[in-house]
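*Asks:* model the following, please.
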Amino acid sequence: MFLSSGDADMYEGAMFSYQGDFLDYLGLEDMGVFTAHGSENGSAVKLDEIRNFGASL
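*Replies:* Take a look at the predicted model:
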């Protein structure tokens, strides 16, 4: 799951739904959660992190 926000404290509700609705209820496998906030959004460091993860799948 990818979460992007201007505020690092905005992810709690999304994480709750992700865990309960997607993983637990649907029985899906958690492949990872990526968060970016503020200046991390669009940064080369985050993009590399996501590319490396994609390549590992």
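
*Asks:* all strands for the chain, in order.
*Replies:* Per DSSP state E, the chain carries strands over the ranges 2-5, 34-37.

*Asks:* which secondary structure elements does the first one contact?
*Replies:* In this case it means strand 2-5. Strand 2-5 sits against strand 34-37, with contacts defined as 3 or more Cβ pairs under 8 Å, 6 or more residues apart in numbering; DSSP states H and E. For glycine as for every other residue, the C-beta is placed from the backbone atoms N, C-alpha and C.

*Asks:* next one: the last one
*Replies:* Packed against strand 34-37 by the contact rule (3+ Cβ pairs under 8 Å, 6+ apart) you find strand 2-5, helix 44-56.

*Asks:* other residues contacting the first one?
*Replies:* Put plainly, it is strand 2-5. Here strand 2-5 makes contact (Cβ atoms under 8 Å, 6 or more residues apart in numbering) with 10, 11, 14, 15, 33, 34, 35, 36, 37, 41, 50.

*Asks:* tell me the contacts of the third one?
*Replies:* Counting by Cβ under 8 Å, 6+ apart, residue 14 touches 1, 3.
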